[in-house]
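Novice: Quick one, fold the following:
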Amino acid sequence: MDYIDTNSLAIYISQFGVWAPVIAFILFTIQAMFPVFPYLAMAAVGGILFGFKLGAFLAWIGALTGACLTYWLIKQLGYESFLKWFYHSRGYDLRRLSPAAAFWTLVIARIIPVVPTPMINAGAALGGVSFSTFLWSSALGKIPTAVLYTGLGLAVFNSRDVKSALIIIGLALAILGLGWYLARKYYNATMS
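Specialist: Okay, here's the model as predicted:
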């Protein structure tokens, strides 16, 4: 999404006046469920319109709400009963799913943006992850991307500040490296 598109989105949201944060929250929620527009552009607009703190908060809480709604919808559509039958017929026992392993797997999947969010949400719902594990791991895992994308969006789209963008990217890489190290350490500890 280029600068003109981001500007258009900012103008559209700002026209709602005092309701603009609510509209931004709804758009973040929709984006998490159906990624029809880039999260980075939406986070940049949130930062431009509401400042870094409120923009990052809206990006985080909106994405978390969308993830939870997707999880809940998939559970309600009855896929869970089909999957229980499918897993049982294949010898997979959902009771053996480790909540700690599921928690950290989801956190890492959220921090490292390789797998699309809707797939993570659906996989957790269909894989037998409890809602509390899903909620807390998603809440923790979405913080870095909300902060990173809001800051990066502000640096790139608003001020065209290359130095700040590079610092943010460097911090993001450091966080990813730390996450990888901690995940590897946790995995090695559980396998011993």
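Novice: Longest helix in this protein, by number of residues?
Specialist: Longest helix in the chain by number of residues (criterion: DSSP state H): helix 39-76.
Novice: So which bits of that one are buried?
Specialist: Buried residues in helix 39-76, counted by 16 or more other Cβ atoms under 10 Å: 39-50, 55-68, 70-71, 74. Placement of C-beta: from N, CA and C, glycine included.
Novice: by contact count, what packs against that helix?
Specialist: Packing contacts for helix 39-76, counted by 3 or more Cβ pairs under 8 Å, 6 or more residues apart in numbering; DSSP states H and E, involve helix 3-14, helix 20-33, helix 117-126, helix 131-153.
Novice: Show the average pLDDT along it.
Specialist: Regarding helix 39-76, the rounded mean pLDDT is 91.
Novice: Give me the distance from it to the chain's centre.
Specialist: 8 Å (Cα atoms, centre = their mean, to the nearest Å).
Novice: any idea of the angle it forms with helix 20-33?
Specialist: Interaxial angle of helix 39-76 relative to helix 20-33 (axes from the mean of the first three to the mean of the last three Cα atoms, to 10 degrees): 60 degrees.
Novice: okay, which residue is most central for the chain?
Specialist: By Cα atoms, centre = their mean, the chain has its centre lying nearest to residue 142, at 4.4 Å.
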